[in-house]
Structure formats: structure tokens, C-alpha cells
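K.L.:
quick one, fold the following:
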Amino acid sequence: QTDAARGWRGAAALLLREGTARVGKQQAGAPTTTNDQVILRYLKRKGYKNAEAVFAREAKELSLDAVKATQALDADMAVVNHVLFYPEAGGAGPQQYLDGYKNLKEWVHSSLDLYKSELERILYPVFVHCYLDLVERGYNEHAARLLKEYRIDHEEQHGTEVKQLAGISQAAHVANDALAVMFRRHKFNVRLSAYAWELLLSFLHSSQTLLLLGLINERLGVTLVPGAPEQDDGSPDFGADAVTLTGESSQREMTINEREVRWGALKGSVELKAAKAVNNAAVEARARVLEREEDAKTFDGPGDALAELGPKKKSKKEIMHASKRAGDEAAANLVGPLLRAPKVESCVPMPKLRDDEELAQIAEIRRRVRLSARAPPSCAFFTLCNTYGGLNSVAISVDGQRVAGGFADSQVRVWSNDADAARVVSDAGKVAGARPAVPYVLLTGHSAPVYGVAFSPDGEHLLSGGADCSVRLWSMELQTCLCVYTGHAYPVWDVQWSPVGHYFATASHDRTARLWATNRTTPLRVFAGHLCDVDCVTFHPNANYVATGSSDKTARLWEVQTGECARLLTGHRAALTAIAISPAGRVLVSGDALGHIMCWDLANGKRFGVLSAHAGPVWSLVFSGESSVLASGGADCAVGLWDMEGGQPGEDEGAPRGGGAGGSGAAAGGGASES
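P.N.:
Coordinates of the predicted model:
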């Protein structure tokens with residue numbers, strides 16, 4: 001190497017081609033060093049002063065300083081390469097995977113309780129990649145042994161994924177299975193305290209477990225947090241957000257959740273106009289009552305004569321203040337924390353409501369009764385008979401007059417709850433002893449099962465999406481299809497309208513959600529970022545954001561204007577099945593396949609509550625108009641009513657109280673409408 005360095009110094013511009021420290025490749029038939037010097041001198045005489053630099057660049061050789069740096073890093077890189085490529089070099093046999101994981105598990109479980117809860121986070125990612133490595137290298141028997149011996153350790157928290165892993169038994173499966181591809185393409189993000197990480201590295205080095213050391217380095221992204229290790233508080237969701245697979249780095253996740261979200265109420269919304277109308281009416285009514293009361297009083301003198309001549313009359317200013325308080329209370333009872341929320345402008349063009357539509361919606365909102373834990377709602381159940389295995393989705397219009405169902409036979413059926421229509425008896429219902437059948441409208445157009453239906457805010461249109469990858473817009477007046485929207489490449493799982501109509505969003509098996517406008521057949525935005533199916537979607541009440549829930553166990557909030565992710569919410573241990581946002585706009589709730597409902601503060605992206613009562617997947621979530629009650633429907637045949645009084649975190653009455661307002665009630669009841 002010393003001779004090589006001397007050659008570099010002596011030749012100046014001529015780079016080293018031969019010797020023990022070769023750093024380049026000599027081209028076949030290249031001129032000798034003497035010829036190079038002759039050619040360079042000739043070119044310099046001709047005025048080509050940069051010829052030497054051009055030759056060096058074209059030869060793709062390193063400079064002397066680069067050679068020195070390379071030699072200085074050789075030792076460290078040799079160690080790193082040995083660790084990273086240890087399995088590929090044939091140094092790892094199948095038994096080493098089983099022994100390495102066994103030793104790691106025993107060491108974690110024998111650690112101090114102070115660090116055990118954190119160190120256990122590393123076991124599941126290591127288990128997954130040990131299994132996939134064995135299958136990919138053709139060691140199927142050893143992979144089966146690993147799965148059989150240790151799957152029980154992870155079934156409680158990752159049961160669905162462990163079952164899917166059991167079906168990956170061939171090398172071709174690792175390359176083609178969606179779950180395996182997701183694990184291989186993206187790193188697990190694991191959060192550990194700095195000292196727990198040092199303990200783990202110390203163990204891996206002392207036990208000479210190069211296999212697991214390389215696997216952790218390649219497949220895991222470890223984020224170190226200062227301070228003492230997190231302690232298990234006994235909650236079922238402890239540590240769920242400490243091991244995530246989102247396709248984003250831990251730093252990127254934090255950056256996303258630090259973005260500003262304009263979660264307030266939409267300026268000029270119908271709800272605010274209704275609240276203003278109620279406020280004005282309450283102020284006028286209270287003022288009239290107080291004025292009549294004051295007119296009945298006869299004394300208007302000093303207070304020292306009050307005992308003899310009666311109470312003193314209130315001034316007009318006092319009457320005005322008392323009336324204003326009454327108006328504020330009436331408006332707050334109608335829309336709740338929406339009045340206290342910041343007011344924001346829309347970032348997208350908004351459709352203008354017709355005057356009659358706006359007045360009708362204001363009247364509907366004013367008729368709304370305030371709900372709370374002390375005044376729970378009544379329930380109306382619509383029973384659809386003989387639909388087992390065929391009914392995929394249900395939607396009820398805002399006024400409650402129509403019920404739509406999407407069916408596996410590709411049909412959409414719409415029932416009317418109108419009193420006149422309910423009195424109509426079909427010929428099939430005239431059989432002696434049979435109940436009269438409620439008539440329905442049959443909408444035909446889809447060529448595959450229908451998985452999502454939704455009524456427009458005005459109730460005049462219906463959206464439906466299905467396995468034929470299309471979305472259809474139906475007119476309730478004409479009872480026909482107005483438009484077909486195509487753009488998804490796979491089945492559409494959910495469709496939802498914007499709170500103001502005109503815009504709608506779809507969720508699909510192609511791992512995207514899309515924003516549409518009714519007057520365009522192509523999507524306006526494509527929200528891409530989820531690693532699995534997007535199963536549910538909803539709009540923010542101010543229409544500036546779209547929220548999605550996915551089988552990758554995450555919820556995301558997307559900006560409608562830019563299409564970028566504004567919130568990435570992690571913590572669920574199963575696929576998300578339902579999602580909703582409070583009318584006040586600050587609280588997002590998400591339900592999963594294990595029956596858990598998590599409450600999130602959109603202002604900072606943090607979770608502030610977990611609701612657990614359902615024994616199966618949560619299929620639907622919806623807030624009451626004043627954000628005080630949350631209703632949840634589950635696969636356990638139960639409806640849960642939760643006290644969300646206040647509707648906003650950070651307030652005394654913002655978080656769910658106890659286990660909810662009355663827990664859950666049986667959903668099996670008398671049918672208000674049958675067919």
C-alpha cells in the first residue's frame with residue numbers, strides 16, 4: 001500500500017491501476033503509464049489543460065484522498081458487511097434461526113421487570129422475519145417448527161396476522177403474498193428507551209448472535225427515547241403504538257403529526273345558521289317574558305323602600321343580558337361545542353344551497369332534541385328479513401324516511417318509511433296470515449356485490465360502490481342511475497358524501513381513497529399511503545379533510561386541497577372497520593376488528609381515550625348532532641351509547657366518562673319496517 005501511495009504522488013495526475021490496493025479496473029488494451037504521460041504532455045502543448053482531469057473522470061477512478069478514506073473505512077465496513085450479509089454468505093443455518101429466537105425470548109423474559117415490557121416489543125418483528133427468512137430459503141420444516149412453538153406468544157395481539165403467516169409456506173408465497181410483501185418492503189418502527197437498546201445490543205454481541213443482529217439492523221427502525229423505560233399500566237392497548245408498520249419512518253410519523261390541522265367549524269355552515277336562528281328566537285322570547293314580568297311590577301324607587309313597596313324593576317340592560325344568556329344556552333343545547341370551535345374557511349369550492357333546501361335543513365336541525373347521558377335517545381330499528389349473507393351495507397337518509405341496502409346479488413334496494421307508502425300492500429302480502437310487505441325500489445346496474453351505499457345530505461341522491469370497481473350515482477326521484485364513476489382498479493369498500501354534498505369519497509381494496517365531484521367522472525384527488533385495503537372513509541365536518549381507516553391498523557387524515565397526509569394515527573392492534581369525526585371537528589373515533597374504539601384529538605394527533613365493550617368488530621360509528629353521544633354498532637348484535645359530553649379533549653367534560661352512557665343495549669328489537 002505504501003508503494004501504491006508513492007506511485008500516486010509520483011504520477012500526480014495518473015491514478016493507481018495496479019498493485020495491492022487496486023481501486024479501479026484497467027481497461028483491456030489501455031495504454032501504459034509511459035504512453036499516458038506522453039499523451040498528456042502532447043495535449044498540454046496543444047492547449048488542452050483539463051485533459052488530465054477528464055481522463056481521471058472517464059476512468060472512474062478515485063482520488064488519492066478518497067483512497068485514503070476508503071482504506072481507513074475498510075476495517076469498519078468489513079465488520080458491517082459481515083453482519084449484514086451473514087445469512088447470504090451461508091453462515092446461517094436453519095437451526096440458528098430457531099436457537100437465536102429461543103435465546104432472545106429467554107433473555108427478554110429473564111430481564112428485569114423495569115425493561116421487560118419494552119424489550120418484549122422486539123420479539124414479534126424478529127419472529128415474523130425469522131419465519132419469512134426460513135420459508136424464503138426453503139427450510140419449510142424449520143419454519144413450521146418455529147411457527148408451532150412460538151405462535152401462541154403473539155396470537156393475542158396479532159392473531160389475524162399469525163393466521164395469515166401460517167398460510168405462507170412456500171418461497172413463492174413470500175414474493176407474492178400481500179402480507180409478506182408488506183413485511184419485506186417496509187420496516188417495523190419500534191420505540192425503545194436508550195438503556196433498553198443498549199442492553200439488547202450488549203446481549204446480541206455477547207451471545208455472538210450475528211444473525212439476529214443483521215436482521216434487526218435490516219428489518220427494524222428503532223427510535224430511541226430519552227428517560228426511563230415505559231411501564232406496563234395493564235391497559236389492553238399498552239405499547240400498541242410502540243411497534244408500528246406504516247411505511248413511514250418514525251421521524252416522518254412525528255413530522256406528519258406536528259402539522260397544523262384546521263379542525264374548526266366551517267364558516268357559514270347550516271348548523272351555525274340554525275344555532276343563530278335559535279339564539280335570536282330564544283333572545284326575543286326571553287325578552288318578551290321578562291318585559292311582561294317587569295311591567296307587572298309597580299315600584300321603581302330606591303332599594304331601601306323595597307321591603308315596603310315590592311321588588312325593584314330591572315333595567316333594559318339587565319333584561320338584554322338575561323335574554324342573551326338564554327339565547328346562548330339554547331344555541332349551545334342545539335349544536336354543542338360547535339359554537340366554541342374556531343371558524344375556518346373552506347379550501348375547496350363549495351356548492352351553494354338553494355334557499356328552500358337551506359331553510360328545510362335549518363328547520364330540521366332546530367327540531368333536534370339534545371341528547372346526553374341523562375337523556376339518551378330513543379331507537380327505531382329497521383329489520384330486513386331473509387337477508388342472511390346477502391346484505392352488505394345499509395344507509396338511512398338524514399330525515400329517516402328512506403333505508404337503502406347494498407346486496408351481494410349486485411342489487412340496491414331502497415325502502416320508504418313514508419306513512420302513505422307503508423299503507424300500500426303488495427299482492428304477495430295478501431296471503432292469509434302474512435304480514436304486509438313494505439314496497440321497495442330496486443336499483444339495478446352493478447355487476448358484482450355492492451359493499452357501500454350513502455344518501456346525499458338532501459336525500460335526493462344515493463351513491464353505491466361495489467366489487468365491480470365502480471361507483472354509481474342514483475336519483476331517488478327518477479329511480480335511475482345518473483352517472484358511473486370508474487377509477488379504482490379493485491373493489492370499492494365504502495362511499496361517503498361530503499357534509500355539503502357535491503363531493504364524495506371512496507375507499508378501495510387498491511389501498512387508496514379517492515375524492516370525487518358529482519360533475520366529473522375522474523377523481524379529483526388520490527390519497528395513497530396505506531399499506532393495505534382502505535376499509536372506511538369519512539369527511540371532516542368542515543369538508544377540508546378526509547379521514548380513512550385501513551387494514552394496516554392505522555387511521556389517516558388527508559388534506560383535500562393538497563392530497564397530503566395531515567395525521568397518522570397508530571395504536572390499533574387489528575384492522576380498522578369504522579371511523580367517524582364529531583360535528584365539532586376536533587375528535588376522531590376509530591373502531592377495529594377486536595371491538596375497541598379509540599378517541600383521538602386531531603389538534604395534536606394524540607389518543608385520549610379507549611372505549612371497550614363490544615365482543616366483535618365495530619361496524620359503525622356515529623355522533624349525535626351536538627357531539628355529546630357516540631353510538632356504535634358491532635358484530636356482537638349490540639348497540640353501544642357512549643357519553644362524550646363536551647365532545648372535545650382537554651376539557652373537564654371532553655373525555656368519555658366511565659364505560660359510557662349506559663354501556664350497550666341489545667340491538668334485536670321490533671322492526672319499524674319489514675320486508
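K.L.:
what sits opposite the residue nearest the centre of the chain in the beta ladder?
P.N.:
Nearest to the geometric centre of the chain sits A555, at 0.9 Å (C-alpha atoms, centre = their mean). According to DSSP bridges, the residues that bridge with A555 are G549, L569.
K.L.:
quick check, pLDDT for it.
P.N.:
Looking at A555, its pLDDT stands at 96.
K.L.:
try A196
P.N.:
At A196, the model reports a pLDDT of 91.
K.L.:
what lies in contact with the helix or strand where it lies?
P.N.:
Under the criterion of DSSP states H and E, A196 resides in helix 194-206. Outside helix 194-206, the residues that touch it by C-beta atoms under 8 Å, 6 or more residues apart in numbering are 104, 107, 111, 115, 118-119, 122, 192, 209, 212-213, 216, 222, 224-226, 229. For every residue, glycine as well, the C-beta is placed using N, CA and C.
K.L.:
low-confidence ranges in the stretch 1-150 of the chain?
P.N.:
Scanning the stretch 1-150 of the chain for pLDDT under 70 picks out the ranges 1-35, 55-92.
K.L.:
and the strands in it?
P.N.:
Assigned by DSSP state E, counting those that start in this stretch, the stretch 1-150 of the chain shows no strands.
K.L.:
what segments of it are helices?
P.N.:
With DSSP state H, counting those that start in this stretch as the criterion, the stretch 1-150 of the chain has helices at 2-11, 33-45, 51-58, 64-84, 94-109, 113-119, 123-136, 140-150.
K.L.:
residues near A180, how many?
P.N.:
21 (other C-beta atoms under 10 Å).
K.L.:
for it, which non-adjacent residue is closest in space?
P.N.:
Closest residue to A180 apart from its sequence neighbours, by C-beta to C-beta, 6 or more residues apart in numbering: V174 at 4.7 Å.
K.L.:
what helix or strand is the one you found on?
P.N.:
When elements are assigned from DSSP H and E, V174 belongs to helix 171-176.
K.L.:
which other helices and strands contact that helix?
P.N.:
helix 123-136, helix 178-185 (3 or more C-beta pairs under 8 Å, 6 or more residues apart in numbering; DSSP states H and E).
K.L.:
any idea which of these is most buried?
P.N.:
Burial of the helices and strands packed on helix 171-176 is given as mean neighbour count (mean count of other C-beta atoms under 10 Å); helix 123-136 ranks first at a mean of 22.
K.L.:
low-confidence bits of the stretch 301-450 of the chain, can you list those?
P.N.:
For the stretch 301-450 of the chain (pLDDT under 70), the answer is 301-313, 418-438.
K.L.:
can you give me the helices in it?
P.N.:
Counting by DSSP H, counting those that start in this stretch, the helices of the stretch 301-450 of the chain are 306-309, 316-335, 355-366, 419-422.
K.L.:
could you list the residues in contact with the third one?
P.N.:
For helix 355-366, contacts defined as C-beta under 8 Å, 6+ apart pick out 270-271, 273-274, 277-278, 334-335, 353, 398-399, 457-458, 625.
K.L.:
what's the most distant pair in those?
P.N.:
Spatial extent of the contacts of helix 355-366 (C-beta to C-beta) is set by the pair V278 and D458 at 21.3 Å.
K.L.:
which of the two has more neighbours?
P.N.:
V278 (21 against 17).
K.L.:
doesn't the more buried one lie inside a helix?
P.N.:
Yes: membership of V278 in a helix is supported by DSSP: H, G, I helix; E, B strand; the rest coil.
K.L.:
just name the most buried of the helices of the stretch 301-450 of the chain.
P.N.:
Comparing the helices of the stretch 301-450 of the chain by mean neighbour count (mean count of other C-beta under 10 Å), helix 316-335 comes out on top with a mean of 17.
K.L.:
could you export that helix as PDB, CA atoms only?
P.N.:
Taking Å, rounded to 0.1, in the frame of the first residue of the first chain, the C-alpha atoms of helix 316-335 are listed here in PDB:
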ATOM      1  CA  LYS A 316     -83.300  47.300  30.000                       C
ATOM      2  CA  LYS A 317     -79.600  46.500  30.100                       C
ATOM      3  CA  GLU A 318     -80.300  43.700  32.700                       C
ATOM      4  CA  ILE A 319     -83.100  42.400  30.600                       C
ATOM      5  CA  MET A 320     -80.900  42.400  27.500                       C
ATOM      6  CA  HIS A 321     -78.100  40.500  29.300                       C
ATOM      7  CA  ALA A 322     -80.500  37.900  30.700                       C
ATOM      8  CA  SER A 323     -82.100  37.400  27.300                       C
ATOM      9  CA  LYS A 324     -78.600  36.900  25.700                       C
ATOM     10  CA  ARG A 325     -77.700  34.200  28.200                       C
ATOM     11  CA  ALA A 326     -80.900  32.400  27.400                       C
ATOM     12  CA  GLY A 327     -80.100  32.600  23.700                       C
ATOM     13  CA  ASP A 328     -76.600  31.300  24.200                       C
ATOM     14  CA  GLU A 329     -77.900  28.400  26.200                       C
ATOM     15  CA  ALA A 330     -80.400  27.500  23.600                       C
ATOM     16  CA  ALA A 331     -77.800  27.600  20.800                       C
ATOM     17  CA  ALA A 332     -75.400  25.500  22.900                       C
ATOM     18  CA  ASN A 333     -78.000  22.900  23.500                       C
ATOM     19  CA  LEU A 334     -78.600  22.700  19.800                       C
ATOM     20  CA  VAL A 335     -75.100  22.300  18.400                       C
END
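K.L.:
run the angle between it and helix 355-366 for me.
P.N.:
Angle, helix 316-335 to helix 355-366, by axes from the mean of the first three to the mean of the last three C-alpha atoms, to 10 degrees: 90 degrees.
K.L.:
just checking, what packs against helix 316-335?
P.N.:
Packed next to helix 316-335, using 3+ C-beta pairs under 8 Å, 6+ apart, are helix 270-296, helix 355-366.
K.L.:
one more time with 7 Å
P.N.:
helix 270-296 (3 or more C-beta pairs under 7 Å, 6 or more residues apart in numbering; DSSP states H and E).
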